[in-house]
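Trainee: No letters, just coordinates:
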DNA sequence: ACAAGTACTTACCCAATGGTATGTTCAACT
DNA sequence: AGTTGAACATACCATTGGGTAAGTACTTGT
């Protein structure tokens, strides 16, 4: 988990919700704006840092690294670093991470059905939805 | 959507990501800590305000109302108010909201498989997963 | 010497979400 | 008159998420 003040009321309230609900268990791990799209992009397979940065429009380096660290801490993503210079680092979904695919797929399916004017675009992406069937 | 400063850089960065990804389209609507658990609780059917408040441990009134307003604005939740006193208000999933069930179910399934010591508890809740099959 | 490539880190500040306390409305009840 | 019930609203503050700018490390190339 991220570095959060553990004694804050906000965290306590969230802990109460957390204990009760499988949905919240997942949201604690993949929630927020950027994690789902990062995970989605990693469904296509291993990516180097700069590949990932390019495939997630609008994300800053700081936030990308931050999110990747959190995903790694939760064992959803595996970071592999070669001992070379320039640095050579790749990120890939762990087995736990890959198991998230049905969630992301369900999301994409919902987007196709309810995306309004973007549905056609989403439908194309659904046809080529990355990762194993 | 919530009342957000529309010209901020944060929003602009998120807009860039938004245009590209069905997953992000969904996260824009059900993202954050509290929305998924609220939606999950509404899967069981129509609920009055105080019922909802009780079924989401740790949420403050302010946040609950705020989140419900956002969910209503995105047409995922329907709020029905009777013209009586004391006030009598119910919330239920719209058809769009009900269509989110597979996402929440996929989450619960993932939690069962990866919830560690809580998996047994989650499995019980999965067996009784609310809403239509 | 300087620039480039790669993958980060840190400091400071702003944006967004969430918490606490107080208040509103109106009818019914004590 | 004061209290209760139900569903909120508002003001102000706290916490968390995100952005910008500058920097780090080390090798290689110009």
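Mentor: Perfect, I can see it now. Here the structure is a predicted model, which means the values were calculated and not measured.
Trainee: gap between the residue of chain A most remote from its centre and residue A:79?
Mentor: Relative to the C-alpha centroid of chain A, counting by C-alpha atoms, centre = their mean, residue A:85 is the outermost residue, at 27.8 Å. Per C-beta to C-beta, to the nearest Å, residue A:85 is found 17 Å from residue A:79. For glycine as for every other residue, the C-beta is placed from the backbone atoms N, C-alpha and C.
Trainee: Same question for residue A:29.
Mentor: In this view, residue A:29 and residue A:79 are 16 Å apart by C-beta to C-beta.
Trainee: Of these two, give the one with the bigger neighbour count.
Mentor: residue A:29 (24 against 13; other C-beta atoms under 10 Å in any protein chain shown).
Trainee: Surely the more buried one touches residue A:72?
Mentor: No. Counting by C-beta atoms under 8 Å, residue A:72 is not a contact partner of residue A:29; they are 11.6 Å apart.
Trainee: Show me which residues of chain A are close to DNA strand C?
Mentor: For chain A, the residues in contact with DNA strand C (C-beta under 7 Å from any atom of the strand) are A:9-10, A:13-14, A:48-50, A:61-62, A:65, A:68-69, A:79, A:81, A:85-90.
Trainee: again, 6 Å this time
Mentor: A:9-10, A:13, A:48-50, A:61-62, A:65, A:85-89 (C-beta under 6 Å from any atom of the strand).
Trainee: Now, those that are in helices?
Mentor: A:9-10, A:13, A:49-50, A:61-62, A:65 (DSSP state H).
Trainee: tell me the two of those that are most distant?
Mentor: For those, the farthest-apart pair by C-beta to C-beta is A:9 and A:50; their separation is 40.0 Å.
Trainee: just to revisit the earlier point, for the residue farthest from the centre of chain A, give me the backbone phi and psi.
Mentor: Phi and psi for residue A:85, reported as degrees, to the nearest 10, are phi -130, psi 130.
Trainee: domain parsing for chain A?
Mentor: For chain A, automatic domain parsing gives the domain ranges A:9-99, A:100-133.
Trainee: how about TSV for these, with distance to chain B and mean pLDDT added?
Mentor: Output for these, formatted as TSV (distance: least, C-beta to the nearest C-beta, whole Å; pLDDT from 0 to 100):
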stretch	distance to chain B	mean pLDDT
domain A:9-99	3	92
domain A:100-133	3	90
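Trainee: Using CSV, please lay out those domains together with distance to residue B:57.
Mentor: Output for the domains of chain A, formatted as CSV (distance: least, C-beta to C-beta, whole Å):
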stretch, distance to residue B:57
domain A:9-99, 4
domain A:100-133, 23
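Trainee: gap between the two ends of stretch A:9-25?
Mentor: 19 Å (C-alpha to C-alpha, to the nearest Å).
Trainee: and what of stretch A:33-53?
Mentor: By C-alpha to C-alpha, one end of stretch A:33-53 lies 15 Å from the other end.
Trainee: List the buried residues for it?
Mentor: Buried residues in stretch A:33-53, counted by 16 or more other C-beta atoms under 10 Å in any protein chain shown: A:33-43, A:47, A:49, A:52.
Trainee: likewise stretch A:66-85?
Mentor: So for stretch A:66-85, counting by 16+ other C-beta under 10 Å, buried means A:67-68, A:70-71, A:74, A:76-78.
Trainee: cool, stretch A:95-107 as well?
Mentor: Applying a neighbour-count criterion of 16+ other C-beta under 10 Å, one finds A:96-97, A:99-107 buried in stretch A:95-107.
Trainee: List the ones among those residues that fall in helices.
Mentor: Applying DSSP H to these, the entries found in helices are A:96-97, A:101-107.
Trainee: Between those, which sits nearest residue B:127?
Mentor: Closest to residue B:127, out of all of those and judged by C-beta to C-beta, is residue A:102, at 18.1 Å.
Trainee: contacting residues around the closest one?
Mentor: B:106, B:109-110 (C-beta atoms under 8 Å, 6 or more residues apart in numbering or on different chains).
Trainee: Try it again at 6 Å.
Mentor: residue B:106 (C-beta atoms under 6 Å, 6 or more residues apart in numbering or on different chains).
Trainee: Now do residue A:7, the pLDDT please.
Mentor: pLDDT for residue A:7: 65.
Trainee: same check, this time on residue A:3
Mentor: Looking at residue A:3, the pLDDT reads 42.
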